[in-house]
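*Asks:* Attaching a predicted model along with its sequence, questions to come.
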Amino acid sequence: MRRNSFISREQDYALRMTAFLAGLPNGEFISIPELAEKLFISKKFASRIIHKLKKSNITDSVQGRYGGVFIKADPEKLSIFDVLNTIGFKVKFNDCLKENFACELMLGCKFHSFWMNQEFLLIEKLKKQKISDYVLKEKK
């Protein structure tokens, strides 16, 4: 039985890429092909993710033959939620939490408030976790 992941592959890769870039020495950058190789991501997929991260001012790039990408946002302030949200994190614990969901049990259903509270707690936890706590560095 196949189960859906809570975090998509693209979101997981975005976290890895951001954590890796956060580990680069200040002022250094890395090409997307090299970053993709180090993190076992296809170059095409890595480029697509970097594009989304750049649009949200999480990363930036140096153009040219010897250019590359670097983290623009402060890893001490950048949260896991920020990165996930950039890549389209729109998780709902239950369908009853979606806008315009009509539930005939809404007035008497105690599960709705339970799911709402759990979703709130998760999002708050993701907002408190900073990328600086998950920096990836190459082993030398």
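*Replies:* Cool, got the structure. In this text the structure is predicted, and so the values were computed from the model without any measurement. Numbers count the residues shown, from 1 in each chain.
*Asks:* only C-alpha atoms for contact and neighbour calcs from this point on.
*Replies:* OK.
*Asks:* nearest residue to Lys72 other than its sequence neighbours?
*Replies:* Using Cα to Cα, 6 or more residues apart in numbering and skipping the chain neighbours, the partner closest in space to Lys72 is Thr59 (4.6 Å).
*Asks:* quick one: buried residues of stretch 31-38?
*Replies:* Across stretch 31-38, burial judged by 16 or more other Cα atoms under 10 Å covers 31-32, 35-36.
*Asks:* which outside residues touch that stretch?
*Replies:* 17, 42-43, 46-47, 66-69 (Cα atoms under 8 Å, 6 or more residues apart in numbering).
*Asks:* Turn those residues into CSV, including pLDDT and secondary structure.
*Replies:* Formatted as CSV, the contacts of stretch 31-38 follow (pLDDT from 0 to 100; DSSP: H, G, I helix; E, B strand; the rest coil):
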residue, pLDDT, secondary structure
Met17, 98, helix
Ser42, 96, coil
Lys43, 96, helix
Ala46, 97, helix
Ser47, 97, helix
Tyr66, 89, coil
Gly67, 90, coil
Gly68, 95, strand
Val69, 97, strand
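*Asks:* among those residues, which ones are buried?
*Replies:* 17, 46-47, 68-69.
*Asks:* can you give me the strands for this protein?
*Replies:* 59-62, 68-71 (DSSP state E).
*Asks:* Asn100: which of these is closest?
*Replies:* For these, the distance to Asn100 is smallest for strand 59-62, at 35.2 Å, taking Cα to Cα.
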